[in-house]
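**Q** Got a predicted structure here, sequence first:
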Amino acid sequence: MVSWKGIYFILTLFWGSFFGSIFMLSPFLPLMFVNPSWYRWINNRLVATWLTLPVALLETMFGVKVIITGDAFVPGERSVIIMNHRTRMDWMFLWNCLMRYSYLRLEKICLKASLKGVPGFGWAMQAAAYIFIHRK
């Protein structure tokens, strides 16, 4: 059975990404041609700001508590995190961890190319400079 909280969660994320990509990210598109590094700097922070929404919803609506264990991120050092998709929510749990380390603005994800065309989510992921790959 589908819960009303779940429907609200999905609709909030969809409409948030839809309107966020239009009203938050689109106004800065011309800056991409004038000064690409400023565009990336601004865009990374806007996307990181939006990514706090799913984290906040998970914690407030569903009472999710995240406990971070293991090796910490080394400041200034690049990292590759490989997710094995044990759940459909694994990226959101990663965002929860990255938010606590203030690394949301640095995250880039590899995704299936078919996700690029999804209204709202796809537009926002393209603006966030996520990497889309074609697989057979």
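**A** Happy to help now that I have it.

**Q** could you pull out the helices for the protein?
**A** Ranges of helices in the chain, per DSSP state H, are 4-20, 29-34, 36-61, 90-100, 121-127.

**Q** and the third one, what other elements does it pack with?
**A** With contacts taken as 3 or more CB pairs under 8 Å, 6 or more residues apart in numbering; DSSP states H and E, helix 36-61 sits against helix 4-20, helix 29-34, helix 90-100, helix 121-127. C-beta here means a position set from N, CA and C on the backbone, and glycine is covered the same way.

**Q** ok, now with 7 Å
**A** The contact analysis (3 or more CB pairs under 7 Å, 6 or more residues apart in numbering; DSSP states H and E) places helix 36-61 against helix 4-20, helix 29-34, helix 90-100.

**Q** Please render these as CSV that adds mean neighbour count, distance to Gly122 and mean pLDDT to the earlier fields.
**A** Converted to CSV, the helices and strands packed on helix 36-61 look like this (neighbours: other CB atoms under 10 Å; distance: least, CB to CB, whole Å; pLDDT from 0 to 100):
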stretch, mean neighbour count, distance to Gly122, mean pLDDT
helix 4-20, 14, 9, 92
helix 29-34, 11, 16, 94
helix 90-100, 17, 15, 89
